[in-house]
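>>> no sequence for this one, just the structure:
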């Protein structure tokens, strides 16, 4: 299983709302994440910067499958008012996939 990290950001002033919404992630989204093979998914926050960690065999394939998933579309719409978004109205994500050290 490969490990991936990506960076996003929530809009300044939305940090507490971001945390609040993640206390009640939609169950259908959690199911969808597992169905595409994502596990050990964590999000860390530093100010308004978000760092997400996940394990998945193929990050790009999983993200492609999630794009069309109704639960994900609903969640992304719900989060769009507090996340930094790109021109396509998707969360700005910067993938960090070059792992240089791992201790198990």
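Arrived safely, thanks for sending. Everything quoted here is computed from the prediction, not taken from an experiment.
>>> can you give me the end-to-end distance of stretch 64-75?
Across its full length, stretch 64-75 reaches 15 Å between end residues, using C-alpha to C-alpha, to the nearest Å.
>>> which residues are in contact with that stretch?
Residues outside stretch 64-75 that contact it (C-beta atoms under 8 Å, 6 or more residues apart in numbering) are 25-26, 28-29, 31-33, 36. Heads up, the C-betas are built off the backbone N, CA and C, glycines and all.
>>> endpoints of stretch 30-46, how far apart?
23 Å.
>>> ok so, going back, ok, the contacts of stretch 64-75 vs residue 1, which is closest?
Closest to residue 1 out of the contacts of stretch 64-75 is residue 36 (13.0 Å), distances taken as C-beta to C-beta.
>>> now do that closest one, the pLDDT please.
For residue 36, the pLDDT comes out at 97.
>>> which residues does it contact?
So residue 36 contacts 56, 61-62, 65-66, 69 (C-beta under 8 Å, 6+ apart).
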